[in-house]
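A.B. asks: What follows is a predicted protein model with its sequence.
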Amino acid sequence: MPLRHLLAIEGMHPHDIGQLLDLAESYVLLNRSGKTQRDLLRGRTLINLFFEDSTRTRTSFELAGKRLGADVINMSVATSSVNKGETLLDTAATLNAMHCDLLVVRHAQSGAPDLLAQKVEAAVINAGDGTHEHPTQALLDALTIRRRKGRLAGLTVAICGDIAHSRVARSNIHLLTAMGSRVRVVGPPTLMPAEIEAFGVERHHDMDAGLDGADIVMMLRLQRERMGDGGLVPSAREFFRFWGLDAARLARARPDALVMHPGPMNRGVEIDSAVADDPLRSVIREQVEMGVAVRMAVLDTLSRGGANG
Ligand code: NCD
């Protein structure tokens, strides 16, 4: 079955994940060689529809589309007070009338890209929906890990911090467990979803124990914009003291452990600058590079499987 949309990692077959990563790998090499493949999506239209802020995700979809020759249109839709369901369906009707081929959607509501996928002809790619999923982020994280460690199976990955509000954590948990990694989630009880063990992960409420012997330390941003005023965390300084990653904490992980962060980083809140910028341990910039290659692979794959393909 050709992939029609990319809405979530949950439910994806490991074979399909592996194929996307292999194709992305070939795009890493192409990008590094400075060559382009501008005929692949020539005449196709990609619309970036972002209802939430973004720097790297939107830019890298734009770059990926352009490198493959698509016409790329960026629509930044500020969150409005209009009923969101209605707005979304109206938007879907408008986009359908424009005959767009690939629609990249970011939305504060979990499930919004699924709804759009039911209403538009285009292939829909979820670029992050609420606290649900962010599939291309998990794919680029997996590509980064696989290139550095040579595999995903058997690695111990500690995902740390604000698990409850993180679509990055959810997509990574689905992908990494499907590919045979051991996943630990590490953070304060207030930022941990109930029954997270049902996802096949190990829960830790102590940072040192959670990092012990880990191959990968994946830090998450503290997503205050999704917390309301519920007082889920103490001050930033307090958070860093218990849950921040610095060199001393990192020493609990394996000596060759890699440090990751999807960005944007809150330096001094979840991660210390010395660790974030350590060229021997941090692969945060490499994650951004892999993001372009992964999105090229996704656009390539969907343009062959989509309705207009
Ligand atoms: C993430 C997101 O938007 O979900 N950022 C990203 O896409 N690189 C993580 C975050 O906002 O903290």
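C.D. replies: Done, it's in.
A.B. asks: interface residues of this structure facing the ligand?
C.D. replies: Taking C-beta under 6 Å from any ligand atom as the criterion, the chain approaches the ligand at residues Arg56, Thr57, Gly128, His134, Gln137, Arg167, Val168, Arg221, Gln223, Pro262, Gly263. Where you see a C-beta, it was placed from the backbone N, CA and C, and this is true even at glycine.
A.B. asks: Just flag the most distant two among those residues.
C.D. replies: Greatest spatial distance among these (C-beta to C-beta): Arg56 and Gln223, at 15.9 Å.
A.B. asks: thinking again about what came up before, I'd like the list of the residues of the chain next to the ligand that fall within strands, please.
C.D. replies: When DSSP state E defines the strands, the subset of the residues of the chain next to the ligand inside them is Gly128.
A.B. asks: which one of the residues of the chain next to the ligand sits closest to Ala297?
C.D. replies: Gln137 (13.8 Å).
A.B. asks: all helices for the stretch 151-300 of the chain, in order.
C.D. replies: Applying DSSP state H, counting those that start in this stretch to the stretch 151-300 of the chain gives helices spanning 167-178, 207-211, 236-243, 247-250, 273-276, 284-305.
A.B. asks: Could you give me the buried positions within the fourth one?
C.D. replies: Neighbour counts over helix 247-250 (16 or more other C-beta atoms under 10 Å) mark Arg249, Leu250 as buried.
A.B. asks: so what secondary structure elements neighbour it?
C.D. replies: Under the contact criterion of 3 or more C-beta pairs under 8 Å, 6 or more residues apart in numbering; DSSP states H and E, helix 247-250 touches helix 207-211, helix 273-276.
A.B. asks: For the ligand, what is the nearest residue in the stretch 101-250 of the chain?
C.D. replies: Minimum separation of the stretch 101-250 of the chain from the ligand (C-beta to the nearest ligand atom) falls at Arg221, amounting to 3.3 Å.
A.B. asks: Provide a list of residues in contact with that residue.
C.D. replies: The neighbourhood of Arg221, defined by C-beta atoms under 8 Å, 6 or more residues apart in numbering, consists of Gly161, Asp162, Ser166, His261, Pro262, Gly263, Pro264, Met265, Asn266, Glu270.
A.B. asks: burial measure for Pro2, as a count.
C.D. replies: Here the count is done by other C-beta atoms under 10 Å, and Pro2 has 10 residues near it.
A.B. asks: distance of it from the ligand?
C.D. replies: 26 Å (C-beta to the nearest ligand atom, to the nearest Å).
A.B. asks: Quick check: the residue positioned nearest the centre of the chain vs Phe242, distance?
C.D. replies: If you average the C-alpha coordinates of the chain and look for the closest C-alpha using C-alpha atoms, centre = their mean, you land on Gln137, 2.0 Å from that point. From Gln137 across to Phe242, the span is 25 Å (C-beta to C-beta, to the nearest Å).
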